[in-house]
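In: here is a sequence with its predicted model. Questions after.
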Amino acid sequence: MPGKSNWWLRRPALNWLELIGFTLALALVAGGLGAWAALKLSPAPGSCDTTRVATAALPSVVTVFASGAAGSGSGSGAIIRADGVILTNDHVIATAAESGTIEVLLNNGDRLGAHLVGTDPITDLAVLRIDRNKLPALLLAPREQLTVGQPVVALGAPLGLSGTVTSGIVSALGRNVPAPKAGGGTTVLAGAIQTDAAINPGNSGGPLVTCEGRLVGVNTAISTVPTASGDTGGGSVGIGFAVPASTAQRIVDELLASGQATHPWIGAQTTEISQDTADRFGTKAGLFVQEVTSGGPAETAGLQAGDVITGINGQPASAVSLAWLLVSAEVGDAIPVEYYRDGTAHQATITLVEQP
């Protein structure tokens, strides 16, 4: 019998060597100016004409191919500006980020080389550009007021099948989903949209749109059910997650402006200590401080290498809670922390600065 559903997910950007599978059983599935291919759709309340959505939106959906020394894979993306700007997931193009090649397959069959404008592993987003103008573009809708139960449509290239359309509803809003970063470590998909629209390996980076064709999310992650042997099933079980357009818009604007996204930073290298490990070594569970940056926020607040952070902003300290903080907080925020040193509990306040 299958085991319990895994909250940690598998990354479904499609890799031709293997579908990327993490031991944590997590998989990520794999704003702008310009002409918007206007979708003049007026569905009746509670209905959604998926045929009309697909007809209008599919010309703006691309398949992304990435190859490099680490391997090759594919995912999806969306044209968000008529002058060739494409939004996708960071993990879709991770194998090509350093010295590989990226190509996109347009809905009309044209296959073009793409330039990597910038990536943001923390939000798992990336921006590409192709040398083509007057393209049909989807409109990012960062201010769209979604409601639970609202119909939505997912578009992309699951399992390499370009031009695939699935439909479902918004199952929940504001999910904070732990996920691995493409280069290692942990991030959190903050405020993610949960949907039951089928999302599978290769859907990574594809758009989640409303019945009016507005891009409200970037399909990024799925929950999977382990098999009896402990392996993950790898396909959709009706629990998918999309990075919201509000997050995507900010990251797109920053990447287009400078090639980099800004996030707050605490100036410390940490590793998580479980309760079992803490008990064996006579310390506390939380985040073990391996190193502090000289002059950084953590050192300024009084933390030292060897401390164990037990609480962050009123929450138990963990890799996930720290990742969530770095996604949700802003530069300049004062964050209370509790830590343990030499058998004694201490408190401090870390003022976040921009990540160097």
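Out: Sure, I can see it.

In: for the helix or strand residue 216 falls within, the distance to its chain's centre please.
Out: Assigned by DSSP states H and E, residue 216 belongs to strand 215-224. Distance of strand 215-224 from its chain centroid, counting by C-alpha atoms, centre = their mean, to the nearest Å, is 8 Å.

In: output it as PDB, nothing but the C-alphas.
Out: Output of strand 215-224 as PDB, limited to C-alpha atoms (Å, rounded to 0.1, in the frame of the first residue of the first chain):
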ATOM      1  CA  LEU A 215      -1.200  34.800 -15.300                       C
ATOM      2  CA  VAL A 216      -1.600  34.400 -11.600                       C
ATOM      3  CA  GLY A 217       1.100  31.800 -10.800                       C
ATOM      4  CA  VAL A 218       4.100  29.900 -12.000                       C
ATOM      5  CA  ASN A 219       3.600  26.100 -11.600                       C
ATOM      6  CA  THR A 220       6.500  25.000  -9.500                       C
ATOM      7  CA  ALA A 221       5.900  22.000  -7.200                       C
ATOM      8  CA  ILE A 222       3.800  18.900  -6.600                       C
ATOM      9  CA  SER A 223       3.200  16.700  -3.600                       C
ATOM     10  CA  THR A 224       3.700  13.000  -4.300                       C
END
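
In: residue contacts, residue 78?
Out: 60-62, 86-88, 138, 155, 205-207, 215, 218 (C-beta atoms under 8 Å, 6 or more residues apart in numbering). (C-beta placed from N, C-alpha, C; glycine too.)

In: helices along the stretch 101-250 of the chain, start to end?
Out: 245-258 (DSSP state H, counting those that start in this stretch).

In: what packs against the top strand by length along the chain?
Out: For the chain, the longest strand by residue count, based on DSSP state E, is strand 164-180. Applying 3 or more C-beta pairs under 8 Å, 6 or more residues apart in numbering; DSSP states H and E, one finds that strand 164-180 makes contact with strand 6-10, helix 50-57, strand 151-156, strand 186-195, strand 215-224, helix 319-328.

In: just checking: what are the partner strands of that strand?
Out: When pairing is defined by DSSP bridges, strand 164-180 lines up against strand 151-156 (antiparallel), strand 186-195 (antiparallel).

In: compare those strands and give me the one nearest residue 107.
Out: strand 151-156 (9.8 Å; C-beta to C-beta).

In: quick one: the closest one to strand 215-224, angle?
Out: Inter-element angle recorded for strand 151-156 and strand 215-224: 80 degrees (by axes from the mean of the first three to the mean of the last three C-alpha atoms, to 10 degrees).

In: I'd like the contacts of residue 78 laid out as a markdown table, including pLDDT, distance to residue 194 and neighbour count.
Out: Shown next, in a markdown table, are these (pLDDT from 0 to 100; distance: C-beta to C-beta, whole Å; neighbours: other C-beta atoms under 10 Å):
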| residue | pLDDT | distance to residue 194 | neighbour count |
| --- | --- | --- | --- |
| 60 | 98 | 24 | 26 |
| 61 | 98 | 21 | 28 |
| 62 | 98 | 25 | 31 |
| 86 | 99 | 25 | 28 |
| 87 | 99 | 20 | 30 |
| 88 | 98 | 20 | 32 |
| 138 | 97 | 21 | 25 |
| 155 | 98 | 18 | 28 |
| 205 | 97 | 18 | 36 |
| 206 | 98 | 16 | 35 |
| 207 | 98 | 16 | 32 |
| 215 | 98 | 17 | 28 |
| 218 | 98 | 14 | 33 |
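
In: in strands, which of those residues fall?
Out: Those of the contacts of residue 78 lying in strands (DSSP E): 61, 62, 86, 87, 88, 155, 207, 215, 218.

In: the fifth one reaches residue 79, doesn't it?
Out: No - judged on C-beta atoms under 8 Å, residue 88 makes no contact with residue 79 at a distance of 10.5 Å.

In: hang on, the earlier thing: closest to residue 49 among the contacts of residue 78?
Out: Nearest to residue 49 among the contacts of residue 78: residue 155, at 14.7 Å, using C-beta to C-beta.

In: can you tell me, leaving aside adjacent residues, what's nearest to that closest one?
Out: For residue 155, ignoring the flanking residues on the chain, the nearest one in space by C-beta to C-beta, 6 or more residues apart in numbering is residue 61 at 4.7 Å.
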